[in-house]
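A.B. asks: Could you look at this predicted model? Sequence included:
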Amino acid sequence: MSELNRLSLSIENSLCRKLDDMVVRCNCRNRSEFVRDLLRDKLVEEQWNNAPEVLGTITLIYDHHQRELNARLTRIQHDSPTHILAGTHVHLSHEICAEMIMLRGKPEDVRNLYLELKKPKGILHAVLSMSSTGEALN
């Protein structure tokens, strides 16, 4: 385990109560764990603005009966400069499928792939989950 530093900060009582409520809602063990998570989230956000490479997951919900949609989604992924690490396809119902695509690449390439994948007719919902390669989180 890495060496720990103890910090002290001063905040108003009302803000402290809100912090404690958030710690409970987020199921964190204590304030320190909550603050560490906030800091890591901020570091990931900065990486998405500045890092040469990031990790992302795109989740698509779509109607698989939409004509040519599967072929178009595959073509978009093949034409992208991002490195697709894994993909998972599941059937939610007879008509609706979900696809999760994990990828690694330049932040702008990952965003562009997400924007292209959400365009086609038949896509019901799309979301990009931004993460980090982990390099700057220690």
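C.D. replies: Structure's in. What do you need?
A.B. asks: remind me, longest helix of the chain?
C.D. replies: When the chain is scanned for its longest helix (criterion: DSSP state H), the result is helix 31-50.
A.B. asks: helices or strands up against it?
C.D. replies: If contacts are counted by 3 or more CB pairs under 8 Å, 6 or more residues apart in numbering; DSSP states H and E, helix 31-50 sits against helix 13-25, helix 107-117, strand 123-131. (Each C-beta comes from the backbone N, C-alpha and C, glycine too.)
A.B. asks: Send me the lowest-mean-pLDDT helix or strand in the chain as PDB with only the CA atoms.
C.D. replies: When each helix and strand of the chain is scored by mean pLDDT, DSSP states H and E, helix 31-50 comes last, with a mean of 83. Output in PDB follows, covering the C-alpha atoms of helix 31-50 (Å, rounded to 0.1, in the frame of the first residue of the first chain):
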ATOM      1  CA  ARG A  31     -15.100  10.700   4.100                       C
ATOM      2  CA  SER A  32     -11.600   9.800   3.000                       C
ATOM      3  CA  GLU A  33     -12.800   7.100   0.700                       C
ATOM      4  CA  PHE A  34     -15.400   9.500  -0.700                       C
ATOM      5  CA  VAL A  35     -12.800  12.300  -1.300                       C
ATOM      6  CA  ARG A  36     -10.400   9.800  -2.900                       C
ATOM      7  CA  ASP A  37     -13.200   8.800  -5.300                       C
ATOM      8  CA  LEU A  38     -14.000  12.400  -6.200                       C
ATOM      9  CA  LEU A  39     -10.300  13.100  -6.800                       C
ATOM     10  CA  ARG A  40     -10.000  10.100  -9.100                       C
ATOM     11  CA  ASP A  41     -13.100  11.100 -11.000                       C
ATOM     12  CA  LYS A  42     -11.600  14.600 -11.500                       C
ATOM     13  CA  LEU A  43      -8.300  13.000 -12.700                       C
ATOM     14  CA  VAL A  44     -10.200  10.900 -15.300                       C
ATOM     15  CA  GLU A  45     -12.100  14.000 -16.500                       C
ATOM     16  CA  GLU A  46      -8.800  15.800 -17.000                       C
ATOM     17  CA  GLN A  47      -7.400  12.800 -18.800                       C
ATOM     18  CA  TRP A  48     -10.300  13.000 -21.200                       C
ATOM     19  CA  ASN A  49      -9.300  16.600 -22.000                       C
ATOM     20  CA  ASN A  50      -5.500  16.100 -22.100                       C
END
